[in-house]
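In: Any chance you could fold what I've pasted below:
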Amino acid sequence: MSSEWVGNWRPHRPRGPIAAFYSSPGPKYGLPGSIGYSQHDATKYKSPAYSFGVPHARFTVDSSPGPAYLIPSLLTRRGKDGAPAYSLYSRPKDNNPFQTPGPGSYSPEKAGKVAFSAAPSFSIAGRTKGFRTDQSPGPAAYLLPSVLGPNIVNKLSSANFSLSGRSKVGSFHEDFQKVTSIHTCFQTGLSPQLI
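Out: Numbering: from 1, shown residues only. Sure, this is the predicted structure:
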């Protein structure tokens with residue numbers, strides 16, 4: 001065998017891709033995959049995808065309420081700071097602490113009828129009324145609004161008339177001749193001082 005080439009053929013680069021060189025279509029065909037969730041083949045069946053939680057959004061620099069929520073400048077973590085504020089109100093009185101009785105103040109004989117049984121006796125003071133348990137209104141206390149007359153809550157009513165008398169002040173019943181005026185002075189011929 002000679003090392004010379006037989007015929008016109010010489011080793012060279014192929015002009016295009018040869019399918020035998022690849023185990024899959026590879027970059028030749030951009031087909032979507034049939035597994036996974038993203039970029040799934042629309043013609044293939046896809047199983048439901050389950051997530052193990054939603055990723056939280058990262059906090060940004062402006063994660064505060066902003067100018068809608070203004071904290072007073074005198075407020076610190078230890079309370080309100082600044083000069084004392086004056087008002088026209090009086091200072092509230094401090095609550096007196098409970099005075100615990102001493103050991104010598106215990107004397108059950110001073111308890112009286114509260115601790116010992118005694119015969120019934122009369123007193124001049126009135127009996128105090130305790131708290132009644134039936135404070136709720138009864139069934140007769142509930143009144144429905146009237147369905148007759150002009151005072152119906154949710155219905156329009158026609159004009160109603162009253163039978164009360166008319167006032168004589170400012171009406172046609174008032175006699176204007178009894179009122180002193182310049183016009184009546186000229187009719188009678190008298191001076192206004194004499195009328």
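In: Tell me where the model's unsure across the chain.
Out: Where the chain drops to pLDDT under 70, the residues are 1-3, 25-29, 51, 53-69, 126-135, 170-195.
In: Tell me where it has strands.
Out: 75-76, 79-80 (DSSP state E).
In: Among the ones you listed, show me which one is buried the most.
Out: strand 75-76 (a mean of 11; mean count of other CB atoms under 10 Å). Quick note: C-beta positions are derived from backbone N, CA and C, even for glycine.
In: Dump the strands of the chain into CSV; add distance to residue 20 as well.
Out: Formatted as CSV, the strands of the chain follow (distance: least, CB to CB, whole Å):
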stretch, distance to residue 20
strand 75-76, 80
strand 79-80, 84
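In: Of these, give the one that comes closest to residue 113.
Out: strand 79-80 (51.4 Å; CB to CB).
In: Any chance you could list what contacts that closest one?
Out: Strand 79-80 has contacts (CB atoms under 8 Å, 6 or more residues apart in numbering) with 72, 74.
In: Try it again at 6 Å.
Out: residue 74 (CB atoms under 6 Å, 6 or more residues apart in numbering).
In: Partner strands of it and their direction?
Out: strand 75-76 (antiparallel) (DSSP bridges).
In: all helices in the chain, in order from the N-terminus.
Out: Along the chain, the segments classed as helices by DSSP state H run 182-188.
In: and residue 85, how many residues sit next to it?
Out: Neighbourhood size, residue 85 [other CB atoms under 10 Å]: 7.
In: With residue 74 as the reference, measure out to it.
Out: According to CB to CB, to the nearest Å, residue 85 stands 10 Å off from residue 74.
In: go on, residue 165?
Out: In terms of CB to CB, residue 165 sits 68 Å off from residue 74.
In: Could you check which of the two has the larger neighbour count?
Out: More neighbours surround residue 74 than the other of residue 165 and residue 74, with 11 against 6 (other CB under 10 Å).
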